[in-house]
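Undergrad: Provide a 3D model corresponding to the input given below.
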Amino acid sequence: TRSNDASPTQLIWAPWSIGAGWSHYASALRDDGPTPSLGMIALRLERQITPNWRLVTVASTGATGRAGGYAAGQIGAAWMSTPLANSAVQLGIEASVGAAGGGSVTVNGGLIGQAQAQARYALSPDWALQIDAGQLRGLRGNLSSPLIGISLVSLFSMPEAR
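TA: Numbers count the residues shown, from 1 in each chain. Modelled structure (predicted):
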């Protein structure tokens, strides 16, 4: 049987972060053959699930490298350490998958995957600077590039019913 009793809801403050930054792909295979570098403007939204684990979404678009029509959207998971030795530095890893295309970048089918190592430096309790280094790959075809990135991250909390 179904009960019409409303269960009590607890309101908690859920940890989130949003970041804006720049990523540089060393080479991005183009439909006409060359592999020039590609600069991307990226927006990130993260939801902290545990003290170390986060769900991550990233939206990015080409800004340099003659690929202004290139765009990507990814979702993934990340792990971030606690601050190292009572410092403002945290280290982490992230993996994501998503869809990409446009800008004459060869993405055969549009599926991409990305893995990276991260270092985050807390500028204050609410702001951090993050540096990323890793690899982008097309899940089909020959798209493959090392990447580096930098972003400014805002840490905040939102109320959430539990």
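Undergrad: on contacts alone, who are the packing partners of the lengthiest strand in the chain?
TA: Secondary structure assigned by DSSP state E gives strand 144-161 as the longest strand of the chain. Using 3 or more Cβ pairs under 8 Å, 6 or more residues apart in numbering; DSSP states H and E as the contact definition, the elements that strand 144-161 packs against are strand 11-25, strand 38-48, strand 111-122, strand 127-138. All C-beta atoms are positioned from the backbone trio N, CA, C, and that covers glycine.
Undergrad: Name every strand pairing with the first one and say which way it goes.
TA: This means strand 11-25. Counting by DSSP bridges, the strands paired with strand 11-25 are strand 38-48 (antiparallel), strand 144-161 (antiparallel).
Undergrad: quick check: angle from the longest one to strand 127-138?
TA: Here strand 144-161 runs at an angle of 130 degrees relative to strand 127-138 (axes from the mean of the first three to the mean of the last three Cα atoms, to 10 degrees).
Undergrad: Against residue 69, how distant is the residue nearest the centre of the chain?
TA: The C-alpha lying nearest the average C-alpha coordinate of the chain belongs to residue 58 (Cα atoms, centre = their mean; 4.4 Å). Using Cβ to Cβ, to the nearest Å, residue 58 is found at 18 Å from residue 69.
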